[in-house]
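> how does the following fold in three dimensions:
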Amino acid sequence: MASPIPSLDLNLLPSPKIEPKPEPLEPNSHIGPMPQTLNPNSLSIVPFTDPSTPLQHLSPAAVDEEALFAEYYRLAHLFMASYSSPNSHANPLATAPPPSPSPSPSSALIVSKKRKARSAEMVRVSSLSEQDQIYFRDLVRRTRITFESLRVLIIRDEARGEGLGAFGKRSRADLKTAALMTDRGLWLNRDKRIIGSIPGIFVGDVYFFRMELCVIGLHGQVQAGIDYVPASRSSSGEPIATSIIVSGGYEDDDDGGDILIYTGHGGRDRNLHKMRDGQKLEGGNLGLERSMRYGIEIRVIRGVKFDQSPTGRLYVYDGLYKVVDCWMDAGKSGFGVYKYKLLRIEGQEEMGSSILKLSLSLKMNPLSVRKSGVFCDDISMGKETFPVSLYNDLDDDQDPLQFEYLVRPIYPPDIQGKFNGGCDCRTNCSANCYCATLNGGEFAYGGSGVLLRGKPLIYECGAACQCPPSCPNRVSQKGIKHQLEVFRSNETGWGVRSLDLIRAGTFICEFSGIVLTKHQTDLLSQAGESLVFPNRFPGRWAEWGDISDVFSDYLPPRYPYLPELSFSIDVSRARNIACYLSHSCSPNVFLQFVLYDHYNVSYPHLMIFAMENIPPLRELSIDYGVVEEWVGKLTL
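Below is the predicted model of the structure:
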């Protein structure tokens, strides 16, 4: 699709040249090139160039960084040094057992690499084929999976007393993670400054850490609210702003959603929202003014308070805006501030911050938002831990109400399997208990119930175990933890979405129905019944927790062993909410096999986990690994 915003023509720029004070540039960093699209011919990249003054690639100046950036690189140095010590233990992040003669995966990180500066070349991606959209979305997802997998493993190891910094000091896991990823050249979009939309990033995507915004290239400043190309690296000698974060850090901000009055940076007390000095038209402030003059769109990310976030804040990408006005004004504290009026560009998806507010209203007072379309408040009839509503504002179809709702699958009576015993833990299970041994010597979940990495099979503590219900190895068996909804869609028929934000790696729901043996499956499949075949799902569990891009000798878990599965689940008469998940080749949830209530590895439970942070009201999709015709029988 062609870009609605024309490319910048530097021949039309006004002749006066404004020279701001030199801006701090990023330190040298090893950065990999932006991955090539699968089909280069279908990707249109429009460079911002001036034939008379081509963009320059200048060496960065040696200047001081902001406090947080300094801390980030200090942690990077300490982290690398801690694993380069001759007396250090094997890298705790390399959780897959390495071959005995192989060196520690951290050994490759000991050698300091010369880093290069972030590029100042500005481009706009104006069109993408459907294949390229899937490719870049998967690329962003893989990068985010690597970030989150490393972060939770670092937290786990610090909880064990491993992987600490100097003098046992604990430090931010997101900074350590970013340090590892930048050393491996895994930060995205560093060899180009993309103006406008970034391939693979959707309006409404949510993030818990600002460092993650830097890693994927959505916003390149660790602390500053305005990201821009500095004047010293711009061919025109003027800074150009590309993105801003709106988080209420300035008392003069006025956020009306589609209309935003944004206060420039500078002059604010470090520990307060109040101003203590006047602002100057330089750096990012000047960059916003120049972007207004040249008609360059600005990516807007909003930071909002969120209790369920590890940082207490949530960052939501709200799309593209245009700066339409800029002026100096007297702020509430009496000091001069620069203000910018931004208007949201029409034709985009609804703002993610607005959807967050809508989802909260739907949970608190649904009748105030929806006057019609709710056919049932709870199709589970109280069987689930949270109500599962049925919503259809398109037609009169109420098909999900015709099925019996099964919270758990019904297994054949003769598949119990050989009794394997259970743990005898009187409190929460420890790393040395029987169930940890079944899982290959480590538990699958972190303290908050987040899946650390996917496995062929997970053994949760069951009825034969002595540990309490609060044991962290009891997760998926407790049922759904989000307020889910079956809804009617023009694109996918029936679909599933959540009124809550779903964190990556958390349990969502289970596939439920009547479990059939191989012989029963062969008979009913010929009759054309709606069956779910577990052996057809791709092994996307291996993607969750995959850190092979950082540690080259990382291997996906091969234990616990899972045999070839030959059973099916009949959902033609009884089913649950999972049966309405839509199919996608680029899904946001994945299937993980789990055992807890019986011991037959040939008949595991089919548990669904989130592959990414899923915003409220975004449709859940899974890769069935089959043709669309089979999926249609299940979801319509």
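> all contacts plus neighbour counts: C-alpha atoms, from now on.
Fine.
> what distance separates the lengthiest strand in the chain from the centre of its chain?
The single longest strand within the chain, with elements called by DSSP state E, is strand 313-330. With CA atoms, centre = their mean, to the nearest Å as the basis, strand 313-330 stands 23 Å off its chain's centre.
> and that strand, which strands flank it?
Partners of strand 313-330 in the sheet, by DSSP bridges, are strand 206-207 (antiparallel), strand 298-305 (antiparallel), strand 336-344 (antiparallel).
> following element in sequence after the last one, please.
Beyond strand 336-344 on the C-terminal side, the first helix or strand identified by DSSP states H and E is helix 352-364.
> got the phi/psi numbers for Ser243?
phi -160, psi 160 (degrees, to the nearest 10).
> for Thr385, see how far away the closest residue to it other than its chain neighbours is.
Excluding its sequence neighbours, the residue lying closest to Ser243 (CA to CA, 6 or more residues apart in numbering) is Arg299, at 4.4 Å. Counting by CA to CA, to the nearest Å, the gap from Arg299 to Thr385 is 39 Å.
> between these two, point out the one with more neighbours.
Shown here are Arg299 and Thr385; by other CA atoms under 10 Å, Arg299 has more neighbours (25 against 14).
> right, and Ile547 touches Val152 too?
No - counting by CA atoms under 8 Å, Val152 is not a contact partner of Ile547; they are 11.8 Å apart.
> hmm, Met611 is touching Trp544, no?
Yes - if you go by CA under 8 Å, Met611 and Trp544 touch, sitting 6.9 Å apart.
> give me the common contacts of those two.
By CA atoms under 8 Å, 6 or more residues apart in numbering, Met611 and Trp544 have these common neighbours: 145, 505.
> sorry, back to before: out of Ile547 and Val152, which sits in the more crowded spot?
Of the pair Ile547 and Val152, Ile547 is the one with more neighbours under other CA under 10 Å, namely 25 against 22.
> what is the neighbour count of the closest residue to that one other than its chain neighbours?
The shortest distance from Ile547 to any non-neighbouring residue, by CA to CA, 6+ apart, is to Thr146 (5.6 Å). Neighbourhood size, Thr146 [other CA under 10 Å]: 22.
> contacts only, for Thr146.
For Thr146, the contact set (CA under 8 Å, 6+ apart) comprises 545-547, 549.
> now the helix or strand encompassing it: average pLDDT?
According to DSSP H and E, Thr146 maps onto helix 130-159. In this model, helix 130-159 has an average pLDDT of 92.
> C-terminal to the strand or helix carrying Thr242, what's the next element?
In the assignment (DSSP H and E), Thr242 maps to strand 240-246. If you walk from strand 240-246 toward the C-terminus, the next helix or strand you reach (DSSP H and E) is strand 254-255.
> quick one: strands adjacent to that next one?
Strand pairing for strand 254-255, determined by DSSP bridges: strand 259-263 (antiparallel).
> give the buried residues for the strand it pairs with.
260-263 (16 or more other CA atoms under 10 Å).
> and stretch 397-410, by the same measure?
By neighbour count on 16+ other CA under 10 Å, the buried set for stretch 397-410 is 400, 404-409.
> and stretch 376-383, by the same measure?
Residues of stretch 376-383 classed as buried by neighbour count (16+ other CA under 10 Å): 376, 378-380.
> format these as JSON lines; extra columns: secondary structure and pLDDT.
Shown next, in JSON lines, are those (DSSP: H, G, I helix; E, B strand; the rest coil; pLDDT from 0 to 100):
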{"residue": "Cys376", "secondary structure": "strand", "pLDDT": "93"}
{"residue": "Asp378", "secondary structure": "coil", "pLDDT": "95"}
{"residue": "Ile379", "secondary structure": "coil", "pLDDT": "96"}
{"residue": "Ser380", "secondary structure": "coil", "pLDDT": "95"}
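> of all the residues you listed, which comes closest to Ala159?
Closest approach between the buried residues of stretch 376-383 and Ala159, by CA to CA: Ser380, at 39.1 Å.
> which non-adjacent residue is nearest that closest one?
Counting by CA to CA, 6+ apart, the residue nearest Ser380 is Tyr405, at 5.6 Å.
> which ones are touching that neighbour?
Going by CA under 8 Å, 6+ apart, the list of residues near Tyr405 reads 379-380, 574-576.
> Val215 and Glu485: what is the separation?
Taking CA to CA as the measure, Val215 falls 33 Å from Glu485.
> apologies, that question was intended for Ile547.
Taking CA to CA, one finds Ile547 at 33 Å from Glu485.
> now swap in Val246 and tell me
Taken as CA to CA, the span from Val246 to Glu485 is 31 Å.
> repeat that for Thr506.
Counting by CA to CA - Thr506 and Glu485 are separated by 17 Å.
> I figured Gln416 hits Val601, correct?
No - contact between Gln416 and Val601 fails when scored by CA under 8 Å: they sit 9.5 Å apart.
> neighbour count: these two, which is higher?
Val601 (22 against 14).
> and the protein, what are its domains?
28-47+66-85+119-200, 224-368, 370-635 (automatic domain parsing).
> which one of those domains lies nearest to Tyr207?
The minimum distance between Tyr207 and those falls on domain 224-368, with 5.0 Å, by CA to CA.
> report the distance from that closest one to the chain centre.
Relative to its chain's centre, domain 224-368 lies at 22 Å (CA atoms, centre = their mean).
> end to end, how far does it reach?
OK, domain 224-368 end separation, CA to CA: 39 Å.
> could you give the average pLDDT over it?
Mean per-residue pLDDT for domain 224-368: 86.
> quick revisit: which of the contacts of Thr146 are buried, as a PyMOL select command?
Typed into PyMOL, the line below selects the buried ones among the contacts of Thr146, using 16+ other CA under 10 Å:
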select buried, resi 545+546+547
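> out of the contacts of Thr146, give me the two with the largest separation.
Gly545 and Asp549 (11.0 Å).
> backbone torsions only: list them for Val374.
Here is the backbone geometry of Val374 (degrees, to the nearest 10): phi -90, psi 110.
> and for it, the neighbour number?
When neighbours are defined as other CA under 10 Å, Val374 has 16 of them.
> ok, back up a step: looking at Val215 and Glu485, which is more packed in?
Val215 (26 against 23).
> looks to me like the more buried one is in a helix.
Yes - counting by DSSP: H, G, I helix; E, B strand; the rest coil, Val215 is part of a helix.
> which non-adjacent residue is nearest it?
Spatial nearest neighbour of Val215, excluding adjacent residues (CA to CA, 6+ apart): Trp187 at 4.6 Å.
> name the SS class of that neighbour, please.
Trp187 ends up coil, using three-state DSSP.
> swap in the one 3 residues further on?
Assigned state for Arg190: coil (three-state reduction, three-state DSSP).
> repeat that for Gln520.
What three-state DSSP gives for Gln520 is helix.
> next, count neighbours for it.
Residues near Gln520, counting by other CA under 10 Å: 13.
> how about Gly248?
Number of residues near Gly248 (other CA under 10 Å) recorded here: 16.
> and for it, nearest residue in space, chain neighbours not counted?
Leaving aside its chain neighbours, Gly248 sits nearest to Gly303 (7.8 Å; criterion: CA to CA, 6+ apart).
> show me the beta-bridge partners of the one you found.
Here Gly303, judged by DSSP bridges, has bridge partners Tyr315.
> circling back to that earlier point, tell me which residues form a beta bridge with the residue nearest to Ser243?
Beta bridges link Arg299 to Ser243, Leu320, judged by DSSP bridges.
> report the separation between it and Ala241.
Counting by CA to CA, the separation of Arg299 from Ala241 is 9 Å.
> same deal with Phe147?
Here the criterion is CA to CA. By it, Phe147 lies 26 Å from Ala241.
> for Asp174, same thing?
The spacing between Asp174 and Ala241, counted by CA to CA, is 26 Å.
> which one's more surrounded, these two?
Ala241 (26 against 22).
> residues touching the closest residue in space to that one that isn't next to it in sequence, list them.
Residue nearest to Ala241 in three dimensions, not counting chain neighbours: Tyr228, with 3.9 Å by CA to CA, 6+ apart. Shown in contact with Tyr228 (CA under 8 Å, 6+ apart): 239-243, 284, 287.
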